[in-house]
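Q: 3D, please:
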Amino acid sequence: MPARPGFGKELKLSAADSLIVTLLVAVTNFIWNPVGAALSDRIGRKPVLLTIACLSLVTAYPALHWPRQPRASASCRRWP
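A: Residues are numbered from 1 along each chain as shown. This is a model prediction of the structure:
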C-alpha cells in the first residue's frame, strides 16, 4: 500500500484522493506564487503576507470540514 500524507490519514482519504489533493495544491501554488510575488513587488510584502495569513485562517477550517459526498456503489447507479 502506498504511503499517504498525514492529512490523508486524518481525513480518511484513499491514497488516490491524497494524491489528487497534493497535485491540486501544487498546481495552485504554481499559479498563485507568481501572482503573490507581483503583488508583493507592487504594494509591499507585509500587506500581502498579512492578507494571505488571514485568508488561510478563515478558509482552513471550512475547507478541512467540507462534507464529503459518499461514492455511489454499483447498486445505487440503477435508474428507477
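Q: quick one, helices of this structure?
A: 6-10, 15-43, 45-64 (DSSP state H).
Q: Adding mean pLDDT, write those out as JSON lines.
A: Below are the helices of the chain laid out as JSON lines (pLDDT from 0 to 100):
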{"stretch": "helix 6-10", "mean pLDDT": "69"}
{"stretch": "helix 15-43", "mean pLDDT": "87"}
{"stretch": "helix 45-64", "mean pLDDT": "83"}
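Q: Including mean neighbour count, could those helices go into JSON lines?
A: Yep, even glycine has a C-beta here, placed from its N, CA and C like the rest. Putting the helices of the chain into JSON lines (neighbours: other CB atoms under 10 Å) gives the following:
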{"stretch": "helix 6-10", "mean neighbour count": "12"}
{"stretch": "helix 15-43", "mean neighbour count": "12"}
{"stretch": "helix 45-64", "mean neighbour count": "11"}
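Q: Please export the C-alpha coordinates of stretch 34-45 as PDB.
A: Provided in PDB are the C-alpha atoms of stretch 34-45 (Å, rounded to 0.1, in the frame of the first residue of the first chain):
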ATOM      1  CA  PRO A  34       3.900  34.400  -9.100                       C
ATOM      2  CA  VAL A  35       0.700  36.400  -8.600                       C
ATOM      3  CA  GLY A  36       1.600  36.900  -4.900                       C
ATOM      4  CA  ALA A  37       5.200  37.900  -5.900                       C
ATOM      5  CA  ALA A  38       3.900  40.500  -8.300                       C
ATOM      6  CA  LEU A  39       1.500  41.900  -5.700                       C
ATOM      7  CA  SER A  40       4.300  42.000  -3.200                       C
ATOM      8  CA  ASP A  41       6.500  43.900  -5.600                       C
ATOM      9  CA  ARG A  42       3.700  46.400  -6.200                       C
ATOM     10  CA  ILE A  43       2.300  47.000  -2.700                       C
ATOM     11  CA  GLY A  44       4.900  45.500  -0.300                       C
ATOM     12  CA  ARG A  45       5.300  42.200   1.300                       C
END
